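1. build me a model:
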Amino acid sequence: MKKQVTIYTDGACSGNPGPGGWGCILMYNQHRKESSGGALNTTNNRMEITAALEALKLLKEPCRVDLYTDSAYLCNALEKKWLDTWSKNGWKTASKSNVENQDLWKELIVELDRHDVQFHKVKGHADNEYNNRCDKLARDAVQQIVSGQKS
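-> Alright, predicted model coming up:
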C-alpha cells in the first residue's frame with residue numbers, strides 16, 4: 001500500500017517576469033519537510049508548477065498525494081484536462097500557439113504518472129497556515145535571489 005502524503009505548494013514572483021521563488025511542505029504522519037528555491041528571470045506560473053514538481057520529486061517512492069495549491073493555473077491544467085489536450089495537440093493551445101512552460105509540464109507528467117495525486121485548490125493569502133508558510137518560503141527565496149544579485 002502506498003504511503004499517504006500531504007503537500008502544500010506556492011510560487012511567487014517579483015515582477016512577472018522577474019526574480020521568482022517557490023516553496024513546499026511535505027507531511028507524512030508526524031514528519032514534515034520544507035523545501036524552496038527560485039530563479040532569477042521567471043514567471044509566477046513557472047514558480048507554481050516548479051513548487052509542485054520539486055515537491056513530488058522529493059518523494060522517494062510512489063505515494064498517494066493530496067497536493068494543495070492556490071494556483072488556479074495548476075489546478076485547471078489537471079482538473080480540466082488541459083495537459084491531456086495539449087499533449088494530444090502537439091503542445092499547442094486551442095489557438096494553435098505553443099503551450100507555455102512545456103518543459104515543466106512534461107516533467108510534471110512524469111511525476112504524476114509515478115504518484116497518485118489529487119490536486120486541491122485553496123484560497124491564497126487567507127487563513128491556511130500551510131499555504132501561508134509556503135508563500136513565505138517562496139517570497140524568502142525571491143529575496144535571496146534578489147540580494148544575491150546585489151552582492
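
2. for the closest residue to residue 134 other than its chain neighbours, what are its contacts?
-> Closest residue in space to residue 134, ignoring its immediate chain neighbours: residue 10 at 3.7 Å, by CB to CB, 6 or more residues apart in numbering. (C-beta placed from N, C-alpha, C; glycine too.) By CB atoms under 8 Å, 6 or more residues apart in numbering, the contact list for residue 10 reads 22-24, 48, 51, 69-71, 124, 131, 134-135, 137-138.

3. buried ones only from the residues you listed, please, as a PyMOL command.
-> Those of those that count as buried under 16 or more other CB atoms under 10 Å are selected in PyMOL with:
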select buried, resi 22+23+24+48+51+69+70+71+131+134+135+137+138
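
4. sort out which of the contacts of residue 10 are in helices and list them.
-> Per DSSP state H, helices hold the following members of the contacts of residue 10: 48, 51, 131, 134, 135, 137, 138.

5. what's the farthest-apart pair in those?
-> Largest separation among these by CB to CB: 48 and 137, giving 13.1 Å.

6. need the helices for this structure, in chain order.
-> 44-57, 72-79, 82-88, 102-114, 129-150.

7. picking up where we left off before, tell me the least confident of the contacts of residue 10?
-> By pLDDT, residue 124 ranks lowest within the contacts of residue 10, coming in at 81.

8. looking at this structure, which helix or strand does the model trust least?
-> In the chain, no helix or strand scores lower on mean pLDDT, DSSP states H and E than helix 129-150, which sits at a mean of 91.

9. between it and helix 44-57, how many degrees?
-> Between helix 129-150 and helix 44-57, the angle comes out at 110 degrees (axes from the mean of the first three to the mean of the last three CA atoms, to 10 degrees).
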